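Visitor: Fold the following for me, if possible:
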Amino acid sequence: MQIQKLIENANLHIPQDRIKYEEPMKNHISFKVGGPAEVYIKIQNEEELLEIKQFVVKHQIPIVILGNGSNVLVTDKGIRGIVIQIDIKKQEIRDLENGQKNIVLGAGNKISEVAYSLCKQGITGFEELAGIPGTIGGAVKMNAGAYGKEIKDILKCVKVMKEDGKIETWLVENLNLSYRKSIFFTNKAIILEAEFILNTAKTDEIKEKMNEYMNSRREKQPIGYPSAGSTFKRGDTYVTAKLIDEAGLKGYKIGGAQVSEKHAGFIINSGNATSSDIQDLIKFVQEKVYEKSGEKIQLEIEIIGE
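Guide: So this is what the prediction gives:
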């Protein structure tokens, strides 16, 4: 309640319908679990973000930055402080002299929507990524990838807001992008938008490739259940899903959390799972795989909250 009073007295320029108190996080993450955020604010432009950043610095309030909530697990106790959902949307397309296209996208743009929009305009480069349920900002932070394509392969630069509120443009080569890693795990700058260099192709060809990748996802991944995508990172010398399968864990359940029978690398909410169920299952899977193979499999998703 203290933060609520501070916000109400601050006369922020953010519309009240985008500020929620004790907001259930299960409504905002793809796992469909998680306790409440003390305050949940949806930000739609740089001015709003700067205002809320100045507010939290002044009052020393902890913040969590969220995109589409597709790669996180929120604890059952929820999140103290303020969750800021970055909902900055933008799509600008410019022609380059060599026939390529310069695409500027907001951090809040959904990858799937971008892929279909570009397809209609005969712009290729996002086909492999189309099924990733996250936003552009989250994809850059994670260096998201699928079917041999990673964000770093098409990214030129990002526009960020640093901790002190200053806005800068950072080139891709300075982002330390590698497998599911980037500078944004240690640097607290917030991604505002990203710039890509893409090529043109026939719409029919782009659509055919996209459908091929999407059909592959439907065949191999448990798309019909709430999850955070692939729960564990792939190994340098092993296939993580294979190790889980060989440990006899496909279909294994704790509460409502289950190792997918379709793809062992996915933990799903099979119905009424709690965050604790999912965390207990993650730990169990890691222990059993280590016992069986000697490999320590690492989480790809982030666990946030109390």
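Visitor: a helix runs through Val160, doesn't it?
Guide: No. According to DSSP: H, G, I helix; E, B strand; the rest coil, Val160 belongs to no helix; its state is strand.
Visitor: In space, what's closest to it - neighbours in sequence excluded?
Guide: Ala189 (4.1 Å; CB to CB, 6 or more residues apart in numbering). From N, CA and C alone the C-beta is placed, and that goes for glycine too.
Visitor: Quick check, Ile19 in contact with Ile41.
Guide: Yes. Contact criterion CB atoms under 8 Å: Ile19 and Ile41 qualify, at 5.2 Å.
Visitor: Between the two, tell me which one has more neighbours.
Guide: Ile41 (22 against 18; other CB atoms under 10 Å).
Visitor: Helix, strand, or coil at that one?
Guide: Per three-state DSSP, Ile41 ends up strand.
Visitor: Let me know the distance separating it from Gly122.
Guide: Distance, Ile41 to Gly122, using CB to CB, to the nearest Å: 37 Å.
Visitor: Quick check on the residue nearest to Val160: phi, psi?
Guide: phi -60, psi 150 (degrees, to the nearest 10).
Visitor: for it, what are its contacts?
Guide: 160-163, 168, 170, 183 (CB atoms under 8 Å, 6 or more residues apart in numbering).
Visitor: number of nearby residues for Ser260?
Guide: The burial count for Ser260: 20, using other CB under 10 Å.
Visitor: for the record, mean pLDDT for whichever helix or strand Ile103 is part of?
Guide: Applying DSSP states H and E as the criterion places Ile103 in strand 101-106. Per-residue pLDDT values over strand 101-106 give a mean of 97.
Visitor: Report the strands that pair with it, each with its relative direction.
Guide: strand 91-95 (antiparallel), strand 190-200 (antiparallel) (DSSP bridges).
Visitor: So Cys119 sits against Asn211, correct?
Guide: No. The pair Cys119 and Asn211 does not pass the contact test of CB under 8 Å, sitting 10.1 Å apart.
Visitor: Who has more neighbours out of these two?
Guide: A direct count of neighbours by other CB under 10 Å for Cys119 and Asn211 places Cys119 higher, at 21 against 12.
Visitor: ok, how many other residues are close to the residue lying closest to that one once chain neighbours are set aside?
Guide: The spatially closest residue to Cys119, leaving aside those adjacent along the chain, is Ile206, at 4.6 Å (CB to CB, 6+ apart). Ile206: 24 surrounding residues under other CB under 10 Å.
Visitor: Please confirm that Ile206 is located within a helix.
Guide: Yes. Assignment of Ile206 by three-state DSSP places it within a helix.
Visitor: Okay, now the unreliable bits of the protein?
Guide: 1 (pLDDT under 70).
Visitor: List the residues that contact Glu168.
Guide: Residues near Glu168 by CB under 8 Å, 6+ apart: 159-160, 162, 189.
Visitor: 6 Å instead, please
Guide: Shown in contact with Glu168 (CB atoms under 6 Å, 6 or more residues apart in numbering): Val160.
Visitor: sec struct for it, please.
Guide: Once three-state DSSP is applied, Glu168 turns out strand.
Visitor: Please tell me how far it sits from Ile191.
Guide: Glu168 is 11 Å from Ile191, by CB to CB.
Visitor: who touches both of these two?
Guide: With CB under 6 Å, 6+ apart, Glu168 and Ile191 have common neighbours Val160.
Visitor: Can you give me the first-to-last residue distance of stretch 55-65?
Guide: By CA to CA, to the nearest Å, the extent of stretch 55-65 from end to end equals 15 Å.
Visitor: Now for the residue nearest to Val172 when sequence neighbours are not counted, how many residues are close by?
Guide: Leaving aside its chain neighbours, Val172 sits nearest to Leu155 (4.7 Å; criterion: CB to CB, 6+ apart). Neighbour count for Leu155, taken as other CB under 10 Å: 21.
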